[in-house]
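Student: no FASTA, just this:
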């Protein structure tokens with residue numbers, strides 16, 4: 001291999017790594033801006049997506065009602081680095097109610113997203129990381145959100161460019 005070919009190869013590797021870093025940073029920033037600036041509230045997330053004129057991908061379940069329910073809505077979020085999916089969910093069971101906000105990307109590696117998430121949100125080591133149980137890796141952090149507890153969950157395939165990042169905030173029913 002000639003010296004010139006080595007330089008071209010090294011530049012291609014660097015450009016790929018730089019794009020991965022830029023894409024991961026962009027995705028985590030989108031997650032932070034959409035999901036973490038205020039206490040989670042499905043109606044507020046839906047209004048934010050509507051104000052941003054995000055195209056709806058899917059709406060499932062039954063909107064908020066008395067008794068148990070499950071309602072989820074997803075949108076396409078455009079960024080300068082590409083698009084990804086934003087999801088909001090609200091549900092109530094017998095003793096708990098929760099709201100979830102998250103993103104799903106099919107063109108960024110989970111490990112890149114994990115490192116960027118830890119950097120941007122100043123997270124310490126994960127509370128739990130399940131690596132050995134099948135191809136899926138689940139990493140979780142317990143954190144505070146507003147005045148309540150929340151859980152960050154990053155689900156990814158170790159060797160594939162795909163991940164889902166979710167923020168779940170539980171409430172006791174009736175809060």
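Tutor: Done, it's in. Given the structure is predicted, the values throughout are model-derived calculations rather than measurements. Numbers count the residues shown, from 1 in each chain.
Student: pass me the low-pLDDT residue ranges in the chain, would you?
Tutor: For the chain, the stretches with pLDDT under 70 are 1-20, 132-134, 172-175.
Student: contacting residues around the helix or strand harbouring residue 116?
Tutor: Per DSSP states H and E, residue 116 falls inside helix 110-120. The contact list for helix 110-120 (C-beta atoms under 8 Å, 6 or more residues apart in numbering) reads 20-21, 23-25, 27-29, 31-32, 105, 123-124, 137, 139, 152, 154-158, 162-163, 165. The C-beta positions use only the backbone N, C-alpha and C, and glycine is treated the same way.
Student: redo that, cut-off 7 Å
Tutor: Residues outside helix 110-120 that contact it (C-beta atoms under 7 Å, 6 or more residues apart in numbering): 20, 24-25, 27-29, 32, 123, 137, 139, 154, 156-158, 163, 165.
Student: drop anything exposed from those residues.
Tutor: 20, 24, 25, 27, 28, 137, 139, 154, 156, 163, 165 (16 or more other C-beta atoms under 10 Å).
Student: ok, the nearest residue to residue 149 once chain neighbours are set aside - contacts?
Tutor: With sequence-adjacent residues excluded and distances taken as C-beta to C-beta, 6 or more residues apart in numbering, residue 149 is closest to residue 142, at 6.7 Å. Residues near residue 142 by C-beta under 7 Å, 6+ apart: 127, 149, 151.
Student: tally of neighbours for the residue nearest to the last one when sequence neighbours are not counted?
Tutor: To tie it back to what came earlier, the one meant is residue 151. Distances taken as C-beta to C-beta, 6+ apart place residue 168 nearest to residue 151, at 4.8 Å, with adjacent residues excluded. Per other C-beta atoms under 10 Å, the neighbour tally for residue 168 reads 18.
Student: doesn't residue 168 lie inside a strand?
Tutor: Yes. Remark: residue 168 belongs to a strand, assigned using DSSP: H, G, I helix; E, B strand; the rest coil.
Student: beta-bridge partners for it, please?
Tutor: Here residue 168 sits in beta bridges with residue 100, residue 151, as judged by DSSP bridges.
Student: now list the buried members of the contacts of residue 142.
Tutor: In the contacts of residue 142, burial by neighbour count holds for residue 151, counting by 16+ other C-beta under 10 Å.
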